[in-house]
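Engineer: Return a 3D structure for these sequence lines:
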Amino acid sequence: MKNVDIAYIAGFFDGEGDVGIYPYRATKNGKYYPKLTARIHNTHQESLEWVKKRPGFRNLQDHTLFVSSSLSSS
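Structural biologist: The predicted model follows:
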């Protein structure tokens, strides 16, 4: 990814993003685990689609782009 793309996404996230930890239910054992999620909220669909096409970004739902990875404490 180009440095200019990284800078744009960082600025976009700074203004429109948030980070949270949410419960995630595993399908194999049914247990809940914490899931770290970074989200970008925006009503401009084209901007969210542009970010979504970059490596590591996915899960576009309504007007929110979710980037997530699971963390578990065991």
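Engineer: All the helices of this protein, in order from the start?
Structural biologist: In the chain, the segments counted as helices under DSSP state H are 3-16, 45-52.
Engineer: Least confident of those helices, on average?
Structural biologist: Mean pLDDT across the helices of the chain is lowest at helix 45-52; the value there is a mean of 85.
Engineer: where does the chain have low pLDDT?
Structural biologist: The model of the chain has pLDDT under 70 over residues 59-74.
Engineer: Please identify the most buried of the helices of the chain.
Structural biologist: Ranked by mean neighbour count, the helices of the chain are led by helix 45-52 with a mean of 14 (mean count of other CB atoms under 10 Å). All C-beta atoms are positioned from the backbone trio N, CA, C, and that covers glycine.
Engineer: thought residue 41 was touching residue 17?
Structural biologist: Yes. Using CB atoms under 8 Å, residue 41 is in contact with residue 17, at 7.3 Å.
Engineer: Neighbour count: these two, which is higher?
Structural biologist: residue 17 (18 against 13; other CB atoms under 10 Å).
Engineer: gap between residue 21 and residue 44?
Structural biologist: 27 Å (CB to CB, to the nearest Å).
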